[in-house]
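Trainee: quick one: sequence and predicted model below, then my questions.
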Amino acid sequence: MTKRTIVAMPGDGIGGVVLNAAIRVLEAAGFDADYVNGDIGWEFWKNEGNPLPERTLKLLEQHKLGLFGAITSKPKDSAISELAPALKDKGLVYSSPIVGLRQHFDLDICIRPCKSYKGNPLNFIRKGTGDTIVEPEVDVVIFRQNTEGLYGGVEWSNPNSEVYDAFMTHPKFLKNFGSVPVEELSISTRIFSRKYTGRILRAAFSHAKKFGYKSVTVCEKPNVIRETSGMMYKMAQEIQRDEFSEIELWNTNIDAQMMWLTKNPENYGVIVAGNMFGDIVSDGFAGLIGGLGFACSANLGENVAVFEPTHGSAPKYADYPESIVNPIAMIASACMMLDHIGEFEISQQIQKSIADVVKSGEVRTYDMMKMVGSPDVLQKGAASTDQMADAIIRNL
Ligand code: NAI
Ligand code: MG
């Protein structure tokens with residue numbers, strides 16, 4: 001097989017250190033690839049006025065596979081004030097480069113598995129009958145539509161008259177907002193298309209079928225958000241009926257789901273949702289399996305795929321002399337890349353090693369020891385980012 005080239009995009013904050021840890025593990029496990037650096041993040045916004053430089057898009061176009069750490073996004077005011085002086089008056093507008101990347105390459109399918117590792121002290125537990133404690137085994141895979149919906153970027157503050165007039169033709173807008181001065185209005189839209197709704201639904205059903213999950217749950221709010229959520233649920237019913245009749249179709253509302261996920265998380269298999277509700281429900285389930293240090297993800301398009309931990313750049317831990325953050329989310333994301341390209345054996349080997357290290361409990365990062373993050377957690381017995389990666393490498 002030809003050697004692959006992976007575009008390694010560290011980004012900001014802790015992105016670089018977790019990405020390095022993951023690449024070390026990949027190499028130790030025998031995954032033979034070249035890595036090229038892809039620039040992305042706040043530095044490039046400040047110095048070039050673009051957090052997602054064209055050269056990085058070119059690299060991804062060429063090599064098709066990316067590993068991404070995390071970026072820092074800051075509010076509008078800081079985005080302008082931190083720009084290099086020469087760029088300040090150019091009318092540049094910051095937007096998140098990871099959202100931009102998903103949209104540029106049409107990475108419409110986001111997969112976020114949340115599977116509990118045995119022996120993880122951060123696993124969710126609940127009271128059973130009497131004085132018993134139950135530790136439900138969570139094995140959920142969230143399919144989140146990644147490019148449309150509320151994060152689609154179609155939004156306005158103080159909309160121009162064309163937009164405003166168009167909204168005024170809607171009776172509910174007229175009734176509820178018709179007397180609000182236009183300069184006091186901010187509008188963000190939630191647009192779903194049949195094409196991408198169908199793609200995320202089919203991806204979810206196919207995954208359930210391939211890996212033996214008994215149900216697919218559409219987690220939206222069709223009783224209130226009747227057009228978009230309603231369309232997704234109706235399409236799910238048709239797809240289930242015509243193509244996946246062996247898989248059960250369940251329907252939950254996002255708000256109720258956030259309550260049920262602590263009552264009976266073991267009941268769920270594959271969950272599918274639009275962009276924002278998928279973001280919410282996946283963070284919710286991630287909390288049951290150890291939180292951001294464990295939450296991995298894939299962003300898949302038809303040509304390009306980018307794999308990243310769900311967490312952000314955790315700036316407060318970025319400048320520690322020795323990094324304390326947990327690299328497992330990034331390493332597990334790298335395993336999703338291996339699965340995507342058919343390197344199942346190496347992926348299984350790494351995943352088993354992570355599971356063994358977590359189970360043995362000898363090496364734990366600060367989050368797994370329920371410590372508050374600070375540089376002295378290492379003196380108190382927590383493992384550093386590199387020590388965790390080393391333990392996973394030793395166990396391979
Ligand atoms: P965050 O995920 O960076 O950090 C939140 C908290 O989670 C941290 O303070 C830390 O306690 C914990 N945490 C995160 N990663 C961890 C790890 N690997 N191991 C152990 N603990 C970990 O989210 P926050 O603080 O809301 O945002 C920080 C910056 O990251 C912001 O600029 C935000 O815009 C950006 N962000 C970027 C994302 C991305 O690149 N995909 C996603 C989320 C936030
Ligand atoms: Mg999120």
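Mentor: That came in fine, so what should we check first? Ligands and ions are numbered 1, 2, ... in the order given.

Trainee: which residue does the stretch 251-396 of the chain have closest to ligand 1?
Mentor: For the stretch 251-396 of the chain and ligand 1, the shortest gap (CB to the nearest ligand atom) falls at residue 312, measuring 2.3 Å. C-beta here means a position set from N, CA and C on the backbone, and glycine is covered the same way.

Trainee: run a quick neighbour tally on that residue.
Mentor: Neighbouring residues of residue 312 were enumerated by other CB atoms under 10 Å; the total is 18.

Trainee: you'd agree it is up against residue 11?
Mentor: No. Counting by CB atoms under 8 Å, residue 312 stays clear of residue 11, with 9.3 Å between them.

Trainee: who touches both of those two?
Mentor: When contacts are counted by CB atoms under 8 Å, 6 or more residues apart in numbering, residue 312 and residue 11 are jointly contacted by 70, 71, 72.

Trainee: picking that back up, need the three-state assignment for the residue of the stretch 251-396 of the chain closest to ligand 1.
Mentor: coil (DSSP: H, G, I helix; E, B strand; the rest coil).

Trainee: could you pull out the strands for the stretch 51-200 of the chain?
Mentor: For the stretch 51-200 of the chain, the strands defined by DSSP state E, counting those that start in this stretch occupy 65-70, 109-115, 126-127, 133-134, 139-145, 155-157, 186-188.

Trainee: relative to strand 109-115, how tilted is the fifth one?
Mentor: Yep, that's strand 139-145 we're talking about. Here strand 139-145 runs at an angle of 160 degrees relative to strand 109-115 (axes from the mean of the first three to the mean of the last three CA atoms, to 10 degrees).

Trainee: contacting residues around strand 139-145?
Mentor: In this structure, residues lying in contact with strand 139-145 by CB under 8 Å, 6+ apart are 108-116, 192, 196-197, 200, 203-204, 207, 211, 213, 265-266, 268-275, 278-279, 281-282, 285.

Trainee: inside helices: which ones of the residues you listed?
Mentor: 196-197, 200, 203-204, 207, 211, 275, 278-279, 281-282, 285 (DSSP state H).

Trainee: which ChimeraX command selects the buried ones in these?
Mentor: A single ChimeraX command is used to select the members of the ones in helices among the contacts of strand 139-145 judged buried by 16 or more other CB atoms under 10 Å:
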select :196,197,200,203,204,207,275,278,279,281,282,285
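
Trainee: what stretches of this structure score poorly on pLDDT?
Mentor: Low-confidence segments of the chain, defined by pLDDT under 70: 1.

Trainee: helices of that one, start to end?
Mentor: 15-28, 42-48, 54-63, 76-81, 97-104, 161-168, 171-177, 194-211, 228-243, 254-263, 275-288, 328-340, 344-360, 385-394.

Trainee: can you list those helices in JSON lines and add distance to residue 139?
Mentor: Below are those laid out as JSON lines (distance: least, CB to CB, whole Å):
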{"stretch": "helix 15-28", "distance to residue 139": "23"}
{"stretch": "helix 42-48", "distance to residue 139": "36"}
{"stretch": "helix 54-63", "distance to residue 139": "31"}
{"stretch": "helix 76-81", "distance to residue 139": "40"}
{"stretch": "helix 97-104", "distance to residue 139": "26"}
{"stretch": "helix 161-168", "distance to residue 139": "44"}
{"stretch": "helix 171-177", "distance to residue 139": "41"}
{"stretch": "helix 194-211", "distance to residue 139": "9"}
{"stretch": "helix 228-243", "distance to residue 139": "21"}
{"stretch": "helix 254-263", "distance to residue 139": "13"}
{"stretch": "helix 275-288", "distance to residue 139": "10"}
{"stretch": "helix 328-340", "distance to residue 139": "14"}
{"stretch": "helix 344-360", "distance to residue 139": "13"}
{"stretch": "helix 385-394", "distance to residue 139": "21"}
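
Trainee: out of those helices, flag the one nearest residue 153.
Mentor: helix 97-104 (7.5 Å; CB to CB).

Trainee: so that closest one, near ligand 1 or not?
Mentor: Yes. Counting by CB under 6 Å from any ligand atom, ligand 1 has neighbours in helix 97-104: residue 98.

Trainee: now do that helix: everything it contacts.
Mentor: 11, 40-41, 44-45, 51-52, 57, 60, 66, 68, 71, 107-108, 110, 146-147, 151, 153, 299, 306, 308.

Trainee: ok, which of these also contact ligand 1?
Mentor: Residues of those in contact with ligand 1 (CB under 6 Å from any ligand atom): 71, 308.
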